[in-house]
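Colleague: what's the 3D shape of this:
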Amino acid sequence: MLLVKILCFALLLVSVYGKIFDQPQAYRDSFYYGTFPDGFAWSTATSSYQIEGAWNESKGLNIWDTFTHSCCPIEGNTTGDTACDSYHKINEDIDAIKYLGVKYYRFSISWARIMKDGTNATINPEGIQYYKNLTNALLAEGITPMATLYHWDLPENLQVKYGGWPNDTLVGLFKEYARVCFRELPKVKIWLTFNEPYVVTWLGYGIGVFAPGVKDPGVSPYVAAHTIIKAHAEAYHLYQDEFNQDKSGKISITLNADWFEPLDRSNKADVEAAERAEQFMLGWYAHPIYVNGDYPEVMKKQMDKKLKINGKSRLPVFTDDEKKRINGTFDYFGLNHYTAFYTKHNDSGPSASGFDVDRDVLESRGKDWPRSGADWLYVVPWGFRNLLNWIKREYNDVDVYVTENGMSDRNDSSIAKEDDWRIFFYNGYINNMLKAIELDNVSVKGYAAWSLMDNFEWSRGYKERFGLFYVDFNDPQRKRVPKKSAAFYKMVVKDNGFPNPQMSSTSDPGMSGQKTTSASAALILFLLGILQINAY
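Modeller: You can find the predicted model right below:
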């Protein structure tokens, strides 16, 4: 009887589901049956500090070692000292990747494991060998490695000696680090220079909630971003000029972006606020690299209206030579995406100083949007499709690789493995990506689920879990156990999408006649899990 009531309630929700997300598209929340293009690059992803452990073994100190040991509060007072112990568990990680059936694996390299103090003076053969072993093990199983040079773990020496990314000296130091990686790991053919520089600059040097914990919201984020963009360009040119003469490799940057939906699409100020928010978050880095070597015009004009220092905008200026050097330094568009916001205009005044208030944007969330284990992550699948379309229009139909997408929870072992809510998330987001490809002609070439396994989730420690595989951090063996979502993702990868189990004609070409059934199934999964998810 209880199951019947749940089924009836789910079917009722299906009939009103489109009303939950207030957007004009009539079929926005309909399920789309179809498969991805041949050769679509299915993947999963991790990062060095979050999984490797071995913090003082064949590695120098990085800013997250210092941040977690002595500086700032991490939930549960935990560190990444051991994490998933991946430094000692390459085979276990490979087994988990093989279970999913993906043919790509994105990981990051620890700068302080390659160069203990971040410079050529301390190149570390043992650390280099770890990544050689990982790369060889992946290739032996037919899995293509996709390596990120920088995922937030700057060598501590470079923070102490130079002040980190706001110092232009790091452009040359990063180039030399990249040179060692390119030289020592020639079998890696897909590279990313930086992961989410927005997070590095704003959370690390703006509000200080991430390492290195600098609180300077008005100036340091802009200066740090300026350095990172130039460092990315130097690494790109180095790879192309010295290590990719046969053009068999690819290199780019991966940028995180939320979708910003105007609170009122008929209100010009709200529409402009949504565009401004997207340009300040994504365009800040993408416009110089993918458009013309410089920051977006809307960002420059906005900053001209805000608090100046010595009569100059707080947004740095690229020279003409720097613009030429930066423009076009990409082989694809790396995208990390998780959530969405409603936006409206909010004038903070000319004396405001800080990245968040510089934008003149007020953000909100839909009151009925499903939540996750993270206070910032609301489940809004249609935002993903909208963002992909925005990128297509803004950056000239560039090839997109989705390098992160996933959902967290805060559940213990008795519940965490039965993660129907994560299946609901992946079902919605992957299906909207498919719609973007098939219905909107967006050139999405690959997708990486975040994350392969539960890991050290930065300021949330081990309390928040994104993994497809469950890890018990009280168990010294750190065994990787597949969750229900791992089996679901494995099925999607095997089927290369969502093949229609019952072909039928519909009034809407491209939308399957089974869309209501599928939506019901997804909602039932969500309803069965919603009582178990612990958002805080």
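
Colleague: Just want the most central residue of this structure.
Modeller: Asn336 (2.9 Å; CA atoms, centre = their mean).

Colleague: and it, how far is that from Pro482?
Modeller: Noted for Asn336: a distance of 23 Å to Pro482, by CB to CB, to the nearest Å. Using the backbone N, CA and C atoms, a C-beta is placed for each residue, glycine as well.

Colleague: before we move on, what about Pro145?
Modeller: Relative to Pro482, Pro145 is positioned 22 Å away (CB to CB).

Colleague: Same drill for the two, tell me which one is more crowded.
Modeller: Each of Pro145 and Pro482 has its neighbours counted (other CB atoms under 10 Å); Pro145 has more, 21 against 18.

Colleague: Checking the more buried one next. Helix, strand or coil?
Modeller: Classification of Pro145 using DSSP: H, G, I helix; E, B strand; the rest coil returns strand.

Colleague: Give me the neighbour count for Pro37.
Modeller: Pro37: 12 surrounding residues under other CB under 10 Å.

Colleague: ok, now which ones touch it?
Modeller: Neighbouring residues of Pro37 by CB atoms under 8 Å, 6 or more residues apart in numbering: Ile437.

Colleague: Please repeat the previous calculation with a cut-off of 10 Å.
Modeller: Pro37 sits next to Ile437, Glu438, Ser443, Val444, Lys445, Asn496, Gly497 when contact means CB atoms under 10 Å, 6 or more residues apart in numbering.

Colleague: element containing the fifth one, please.
Modeller: Just to be clear, that refers to Lys445. strand 444-450 (DSSP states H and E).

Colleague: Can you list the low-confidence ranges for this structure?
Modeller: Scanning the chain for pLDDT under 70 picks out 1-27, 503-536.

Colleague: Can you report how many residues neighbour Glu141?
Modeller: Applying other CB under 10 Å, we find 12 residues neighbouring Glu141.

Colleague: and what of Lys215?
Modeller: Other residues lying near Lys215 total 10 when counted by other CB under 10 Å.

Colleague: and if you look at Tyr105?
Modeller: Per other CB under 10 Å, the neighbour tally for Tyr105 reads 26.

Colleague: Can you classify it by secondary structure?
Modeller: Tyr105 - assigned by three-state DSSP - is strand.

Colleague: and it, bridged to which residues?
Modeller: Thr44, Pro145 (DSSP bridges).

Colleague: State the distance from it to Val219.
Modeller: Distance, Tyr105 to Val219, by CB to CB: 38 Å.

Colleague: what does Val271 give?
Modeller: To Val219, Val271 is 30 Å away according to CB to CB.

Colleague: For Ala286, which residues are in contact?
Modeller: Ala286 makes contacts with 253, 255, 257, 278-279, 296, 330, 333, 335, 391, 394-395, 398, as judged by CB under 10 Å, 6+ apart.

Colleague: How about Asn244?
Modeller: With CB under 10 Å, 6+ apart, Asn244 has these contacts: Phe182, Pro186, Lys189, Trp191, Tyr236, Leu238, Lys250, Ile251, Asp331.

Colleague: Okay, and which of these map to strands?
Modeller: Trp191, Lys250, Ile251 (DSSP state E).

Colleague: residue ranges of the helices in the stretch 401-536 of the chain, please?
Modeller: Listed in chain order, the helices of the stretch 401-536 of the chain (DSSP state H, counting those that start in this stretch) span residues 413-416, 420-438, 484-495, 515-530.

Colleague: ok now the third one, how far from the chain's centre?
Modeller: Distance, stretch centre to chain centre, for helix 484-495: 20 Å (CA atoms, centre = their mean, to the nearest Å).

Colleague: Could you tell me the angle between it and helix 420-438?
Modeller: Counting by axes from the mean of the first three to the mean of the last three CA atoms, to 10 degrees, helix 484-495 points 30 degrees away from the direction of helix 420-438.

Colleague: and helix 484-495 with strand 444-450, angle?
Modeller: Per the same axes, to 10 degrees, the angle that helix 484-495 makes with strand 444-450 is 160 degrees.

Colleague: how about helix 484-495: buried residues?
Modeller: For helix 484-495, burial by neighbour count (16 or more other CB atoms under 10 Å) applies to Lys484, Ser485, Ala486, Phe488, Tyr489, Lys490, Val492, Val493.

Colleague: For that helix, enumerate the helices and strands it packs against.
Modeller: Counting contacts by 3 or more CB pairs under 10 Å, 6 or more residues apart in numbering; DSSP states H and E, helix 484-495 is packed against strand 41-45, helix 90-100, helix 420-438, strand 444-450, strand 469-471, strand 480-482, helix 515-530.

Colleague: what helices or strands is the fourth one leaning on?
Modeller: In this structure, strand 444-450 makes packing contacts with strand 41-45, strand 104-108, strand 144-150, strand 333-336, helix 381-394, strand 400-404, helix 420-438, helix 484-495, judged by 3+ CB pairs under 10 Å, 6+ apart.

Colleague: Tabulate the ones you listed (a markdown table), appending distance to Ser266.
Modeller: Putting the helices and strands packed on strand 444-450 into a markdown table (distance: least, CB to CB, whole Å) gives the following:
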| stretch | distance to Ser266 |
| --- | --- |
| strand 41-45 | 39 |
| strand 104-108 | 41 |
| strand 144-150 | 41 |
| strand 333-336 | 29 |
| helix 381-394 | 17 |
| strand 400-404 | 30 |
| helix 420-438 | 24 |
| helix 484-495 | 37 |
